[in-house]
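**Q** Need coordinates for the following:
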Amino acid sequence: MNWDPTQFFRDDHTPNPFALIILNQPINERAFRVLQKHAKVTLCADGGANCFYSMMKSHDRESTDLPDLIIGDLDSITPATKCHYADLGVPIIQDDDQYSTDFTKCLNYLRAHVGDFIPSAPSTSVSNTEGVEKNEGGGPDLDVLILGGLGGRVDQAFSQIHHLYSMTQSYSASASGAGDSTANPGGTKRIGNLYLVSEESITFILRPGLNTIQTPGANRPDIPARGQGEDLLEENVGIIPLLGPARITTSGLRWDVVDWKTEIGGQLSTSNHIRSEVVTVESAVPVLFTVELAGRLKRAR
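**A** Reported below is the predicted structural model:
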């Protein structure tokens, strides 16, 4: 499984097609400004519209920079925000399903309409090269970047990680398999990788097996310093087990391990350091991988 978390922030190429989901959490505005340039669609999950509105109002752009869609049970969006966007023609979808979160509702919408954002191209083969997830419809799947904080209340931070894990297992194309038509009724375009962009980090769930993570632009002491505007990541990474004990083997880190047991209450791989432009992590079970964003991409305090 190949991952390229910095592709969305690099200026040297156009990233895989991706959607932005804005949660009801403080927005990392510095990251958002970079990501919005290439996002195919921006969805606000219910109260995320309040956060989006506040961010844009602080720059006097609340009537010009708009989300593409607002979805949720609408119990968190304020009447003023709802009225503002409704008057400007932003579609607002009320979904009262109490067995799904507003985050899930956004993913359900993307899965049902993914072909609207990345029209299928003719293709007869399935391939995976250079970290690009491809499918039988030709071209990459639709990655999803979720903007939401991991600071503040501890229970809410755990909730974010819980939903990132469960949604990765349920929605991503790589988890469901190339032949799973339930990922998209047309069997062509599907949801790809899910990334959580928080105030200081980008986080995702590694699949069982060998995972290759592209880490160019890391601010490492073992290489010459770049200009401040060229840094994409700091050197700090963490690999956290989620389902109980895990055994991991790594390469490309300052402290690499082989078949190393990690678990909550035991040994944890936190504050390790990137030492290569490619990092690999192998595990028999899913584990969380988190890497620190460069200072210029962190949420301003």
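
**Q** Which helix or strand contains N108?
**A** In the assignment (DSSP states H and E), N108 maps to helix 102-117.

**Q** which other residues reach that helix?
**A** With C-beta atoms under 8 Å, 6 or more residues apart in numbering as the test, helix 102-117 has contacts from 17, 19, 21, 23-24, 40-41, 43, 45-48, 69, 71-73, 76, 93, 95, 97, 100, 141-142, 144, 146, 163, 167, 171, 183-186, 188-191. Bear in mind the C-beta positions are built from the backbone N, C-alpha and C, glycine included.

**Q** middle-most residue in the protein, spatially?
**A** Residue closest to the average C-alpha location in the chain (C-alpha atoms, centre = their mean): Y195, at 1.6 Å.

**Q** ok, it - contacts?
**A** P5, F8, D143, V144, L145, I146, I202, T203, F204.

**Q** one more time with 7 Å, if that's ok
**A** Contacts for Y195 (C-beta atoms under 7 Å, 6 or more residues apart in numbering) come out as P5, L145, I146, I202, F204.

**Q** Look up which residues are beta-bridged to it.
**A** L145 (DSSP bridges).

**Q** per-residue confidence for it?
**A** pLDDT for Y195: 96.

**Q** Send me stretch 17-37 as PDB with only the CA atoms.
**A** Taking C-alpha atoms only, stretch 17-37 is exported to PDB below (Å, rounded to 0.1, in the frame of the first residue of the first chain):
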ATOM      1  CA  PRO A  17      -8.200  14.300  -7.000                       C
ATOM      2  CA  PHE A  18      -9.500  14.900  -3.500                       C
ATOM      3  CA  ALA A  19     -12.400  16.200  -1.500                       C
ATOM      4  CA  LEU A  20     -12.300  18.400   1.600                       C
ATOM      5  CA  ILE A  21     -14.600  17.700   4.600                       C
ATOM      6  CA  ILE A  22     -14.800  20.500   7.200                       C
ATOM      7  CA  LEU A  23     -15.700  19.200  10.600                       C
ATOM      8  CA  ASN A  24     -17.100  21.200  13.500                       C
ATOM      9  CA  GLN A  25     -13.600  21.800  14.900                       C
ATOM     10  CA  PRO A  26     -11.100  24.600  14.700                       C
ATOM     11  CA  ILE A  27      -9.800  24.800  11.100                       C
ATOM     12  CA  ASN A  28      -6.100  24.700  10.200                       C
ATOM     13  CA  GLU A  29      -6.400  27.700   8.000                       C
ATOM     14  CA  ARG A  30      -2.800  27.600   6.700                       C
ATOM     15  CA  ALA A  31      -3.300  24.100   5.500                       C
ATOM     16  CA  PHE A  32      -6.700  24.900   4.100                       C
ATOM     17  CA  ARG A  33      -5.400  27.800   2.000                       C
ATOM     18  CA  VAL A  34      -3.000  25.400   0.200                       C
ATOM     19  CA  LEU A  35      -5.500  22.500  -0.100                       C
ATOM     20  CA  GLN A  36      -8.400  24.600  -1.400                       C
ATOM     21  CA  LYS A  37      -6.500  25.300  -4.600                       C
END
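
**Q** buried stuff in it?
**A** 17-28, 30-32, 34-35 (16 or more other C-beta atoms under 10 Å).

**Q** Check stretch 46-58 too.
**A** Quick answer for stretch 46-58 (16+ other C-beta under 10 Å): D46, G47, G48, A49, N50, C51, F52, Y53, M55, M56.

**Q** what does stretch 226-243 give?
**A** By 16+ other C-beta under 10 Å, the buried positions in stretch 226-243 come out as D231, L232, L233, E234, E235, N236, V237, G238, I239, I240, P241, L242.
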